[in-house]
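**Q** here's my sequence, what's the structure:
(one chain, ligands or ions: 1)
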Amino acid sequence: MVAETVVTLEKITALCKRRGFIFQTADIYNGLNGVYDSGPLGTLMKENIRQAWKQSLRALPYDILFVDGAILGNEAMWRASGHIENFHDPLVECKACNARFRTDDVDLNKACTRCGKKDWSESREFHMMFKTQLGASVEQASAAYLRPETAQSIFVNFKNIISSSRVKIPFGVAQIGKAFRNEITPKQFLFRMREFEQMEMEFFCKHEDAQNLFEFWRTERLNFFSHIGITPEKLRLRAHEQTELSHYSSATSDVEYEFPFGWKELEGIAHRGNYDLSQHSKFSGKELAVFDDATKSSYVPDVVECSVGVDRLFLTLLFDAYSEEQLEKETRTVLRLHPRIAPVKAALLPLVDSLGEPFRQLARELRMQGIEVQFDSSGSIGKRYRRQDEIGTPFCFTYDYQSAEDQSVTVRHRDSMQQERIAFDQIQNYIKQALLA
Ligand code: ATP
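**A** Numbers count the residues shown, from 1 in each chain. As a prediction, this is how the structure comes out:
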């Protein structure tokens with residue numbers, strides 16, 4: 001019988017540590033607030049997320065180019081983008097205990113949640129970019145910033161990309177990489193971090209097509225999340241109110257997910273007009289327009305941006321996949337991840353270690369093809385199944401005494417726990433079919 005699972009942040013955080021998905025960074029030195037490391041399984045799963053995202057862009061009838069920009073950026077670039085002036089959050093401080101909060105997160109009519117006193121400072125703007133220094137000189141000329149988003153390196157490379165690639169408007173430029181924000185209160189585990197990873201795509205188009213393309217990307221991006229296995233009923237699109245829009249945006253929608261702590265942004269989709277390219281053109285003095293053969297005139301393209309965090313999506317996938325089932329004698333924890341997202345695609349489990357050789361060899365063959373499998377020959381088979389359930393492995397194959405005689409194995413399905421016998425030489429196909437679904 002399957003009871004309704006109550007999934008909490010605590011359960012997900014504990015599972016991540018127990019099974020090697022995510023660790024607090026420098027854990028043995030008490031960590032660093034808002035900064036995490038990926039363990040072996042987290043690393044595999046994040047790579048699957050990146051691949052799925054790239055694949056979703058490649059499947060579309062548009063040219064999408066991939067770039068990989070630097071994390072450090074100079075002051076001029078961040079001034080032009082508006083970040084030096086505008087990238088801050090309102091901060092309020094408790095004067096009694098000096099705790100700091102995002103003003104939007106506290107009710108100023110109530111007492112401080114840390115010390116119980118009610119003595120708030122005025123709200124002020126807190127700048128969220130990390131500033132650093134290049135070289136030994138302390139002069140302003142060597143100041144640099146860790147990027148708070150990946151998008152700007154796409155805009156500043158627009159001219160380089162246009163002149164080095166044979167792309168024509170409309171086309172997209174996509175990037176996956178680290179971003180850094182000095183969040184006032186990092187919280188909810190991977191939801192709000194200080195060092196995180198983004199997957200961003202800037203789609204350059206003519207102004208007259210931008211609104212339709214914005215609608216197109218809204219639908220595409222929403223569909224992407226259900227394609228990788230997220231429950232459609234827990235996803236929605238929310239259009240920003242006019243008052244919420246950033247100064248450059250003519251329309252923005254968020255794909256939101258229903259987390260245990262409420263509906264929250266998973267991805268932002270924004271119609272940015274030609275603000276970014278125009279700003280960089282103005283500040284750098286470089287021409288960033290393209291020539292339109294049809295009208296024989298130049299124009300600065302509009303941009304539709306889609307921006308999602310790898311870590312936030314990772315967290316969402318774990319929340320969505322986590323379930324606990326009450327079996328007769330125990331509770332089974334299962335991650336019902338889509339096979340493409342699951343860190344390990346199959347477990348190869350010889351009943352006893354002396355029957356292990358055929359699976360050892362198969363494990364090598366599958367890994368060489370980029371299919372991640374685990375070979376595990378010790379402990380009771382039931383315990384080995386549970387361990388794989390908990391990390392979301394879709395299939396467990398077992399090699400037993402019958403296998404040695406008739407070249408058949410059992411395959412056990414994670415979700416239904418059903419077992420069937422198939423031919424040993426069908427294992428590869430079996431896994432590959434599931435990955436194509
Ligand atoms: P929020 O309102 O949640 O702070 P945002 O509107 O500032 O998000 P964007 O600047 O639109 O976020 O960033 C795009 C995406 O990057 C977000 O949808 C989210 O998935 C991810 N992201 C942004 N900030 C963080 C963070 N501090 N930690 C983890 N992921 C983040």
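**Q** low-confidence regions, the protein specifically.
**A** 1-3, 137-141 (pLDDT under 70).
**Q** in it, what residue is nearest the ligand?
**A** residue 309 (2.8 Å; C-beta to the nearest ligand atom). For the C-beta atoms, the positions are set from N, CA and C on the backbone; glycine is no exception.
**Q** quick one: contacts for that residue?
**A** Residues in contact with residue 309 (C-beta atoms under 8 Å, 6 or more residues apart in numbering) are 196, 197, 198, 199, 266.
**Q** same question, residue 126
**A** Residue 126 makes contacts with 88, 89, 90, 91, 100, 182, 184, as judged by C-beta under 8 Å, 6+ apart.
**Q** most surrounded residue in those residues?
**A** When neighbours are taken as other C-beta atoms under 10 Å, the top entry among the contacts of residue 126 is residue 184 (22 neighbours).
**Q** can you tell me which residues contact that residue?
**A** 89, 91, 100, 101, 102, 126, 128.
**Q** the contacts of residue 126 in helices, which ones?
**A** When helices are assigned by DSSP state H, not one member of these lies inside them.
**Q** the contacts of residue 184: which two are farthest apart?
**A** With C-beta to C-beta as the measure, no two of the contacts of residue 184 lie farther apart than 101 and 128, at 14.3 Å.
**Q** can you pull up the bridge partners for residue 102?
**A** On the basis of DSSP bridges, residue 102 is bridged to residue 91.
**Q** surely it and residue 90 touch.
**A** Yes. Using C-beta atoms under 8 Å, residue 102 is in contact with residue 90, at 6.7 Å.
**Q** follow-up on the earlier one: what about residue 101 and residue 128, which has more around it?
**A** Relative neighbour count places residue 101 above the other of residue 101 and residue 128, with 20 against 17, counting by other C-beta under 10 Å.
**Q** ok, the more buried one to residue 181 distance?
**A** In this structure, residue 101 lies at 16 Å from residue 181, with C-beta to C-beta, to the nearest Å as the measure.
**Q** backbone phi and psi for the closest residue in space to residue 302 that isn't next to it in sequence, please?
**A** Here the nearest residue to residue 302 in space, its sequence neighbours aside, is residue 210; by C-beta to C-beta, 6 or more residues apart in numbering that works out to 4.0 Å. As for residue 210, its main-chain torsions (degrees, to the nearest 10) stand at phi -60, psi -40.
**Q** and residue 93, which helix or strand is it part of?
**A** strand 88-93 (DSSP states H and E).
**Q** which secondary structure elements does that strand contact?
**A** Based on contacts counted as 3 or more C-beta pairs under 8 Å, 6 or more residues apart in numbering; DSSP states H and E, the elements that strand 88-93 packs against are strand 100-102, strand 124-127.
**Q** mind saving the C-alpha coords of the helix or strand containing residue 384 as PDB?
**A** Secondary structure assigned from DSSP H and E places residue 384 in helix 381-391. Coordinates of the C-alpha atoms in helix 381-391 are reproduced here as PDB (Å, rounded to 0.1, in the frame of the first residue of the first chain):
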ATOM      1  CA  ILE A 381      19.800  -8.900  -2.200                       C
ATOM      2  CA  GLY A 382      16.900  -7.100  -0.400                       C
ATOM      3  CA  LYS A 383      19.300  -4.600   1.200                       C
ATOM      4  CA  ARG A 384      21.000  -4.000  -2.100                       C
ATOM      5  CA  TYR A 385      17.600  -3.300  -3.800                       C
ATOM      6  CA  ARG A 386      16.700  -0.800  -1.000                       C
ATOM      7  CA  ARG A 387      20.000   1.000  -1.400                       C
ATOM      8  CA  GLN A 388      19.400   1.400  -5.200                       C
ATOM      9  CA  ASP A 389      15.700   2.500  -4.600                       C
ATOM     10  CA  GLU A 390      17.000   5.300  -2.400                       C
ATOM     11  CA  ILE A 391      19.300   6.700  -5.000                       C
END
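**Q** quick one, helices of the protein?
**A** Per DSSP H, the chain carries helices over the ranges 9-19, 40-58, 75-80, 83-86, 151-156, 158-164, 207-227, 275-284, 310-321, 357-368, 381-391, 401-406, 427-436.
**Q** list the contacts of the residue positioned nearest the centre of the chain.
**A** Centroid check for the chain by C-alpha atoms, centre = their mean gives residue 310 as the closest residue, at 1.5 Å. Residue 310 makes contact with 46, 49, 50, 176, 196, 197, 198, 199, according to C-beta under 8 Å, 6+ apart.
**Q** which members of those residues additionally contact the ligand?
**A** Among the contacts of residue 310, the ones lying near the ligand by C-beta under 6 Å from any ligand atom are 196, 198.
**Q** which strand residues bridge residue 198?
**A** For residue 198, the beta-bridge partners are residue 177, residue 309 (DSSP bridges).
**Q** separation between it and residue 267?
**A** With distances defined as C-beta to C-beta, the gap from residue 198 to residue 267 amounts to 10 Å.
**Q** shared neighbours of those two, which are they?
**A** By the contact definition C-beta under 8 Å, 6+ apart, residue 198 and residue 267 are jointly contacted by 307, 308.
**Q** neighbour count for these two, which is higher?
**A** The residue with more neighbours, out of residue 198 and residue 267, is residue 267; 25 against 20, by other C-beta under 10 Å.
**Q** that one contacts residue 316, doesn't it?
**A** No. Because the distance of 9.9 Å does not satisfy C-beta under 8 Å, residue 267 is recorded as not touching residue 316.
**Q** picking that back up, could you dump the contacts of residue 184 to a markdown table with distance to residue 355?
**A** Formatted as a markdown table, the entries for the contacts of residue 184 read as follows, by distance: C-beta to C-beta, whole Å:
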| residue | distance to residue 355 |
| --- | --- |
| 89 | 59 |
| 91 | 62 |
| 100 | 60 |
| 101 | 59 |
| 102 | 58 |
| 126 | 61 |
| 128 | 57 |
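**Q** excluding chain neighbours, what is closest to residue 425?
**A** Counting by C-beta to C-beta, 6+ apart, the nearest residue to residue 425 once its immediate chain neighbours are dropped is residue 407, at 7.2 Å.
**Q** could you check how far that neighbour is from residue 68?
**A** Distance from residue 407 to residue 68, by C-beta to C-beta: 46 Å.
**Q** over to residue 298?
**A** Where residue 68 is concerned, residue 298 sits at a distance of 29 Å (C-beta to C-beta).
**Q** same check on residue 35?
**A** Where residue 68 is concerned, residue 35 sits at a distance of 22 Å (C-beta to C-beta).
**Q** okay, the two: which has more neighbours?
**A** Legend: neighbour count by other C-beta under 10 Å for residue 35 and residue 68, higher for residue 35 (15 against 9).
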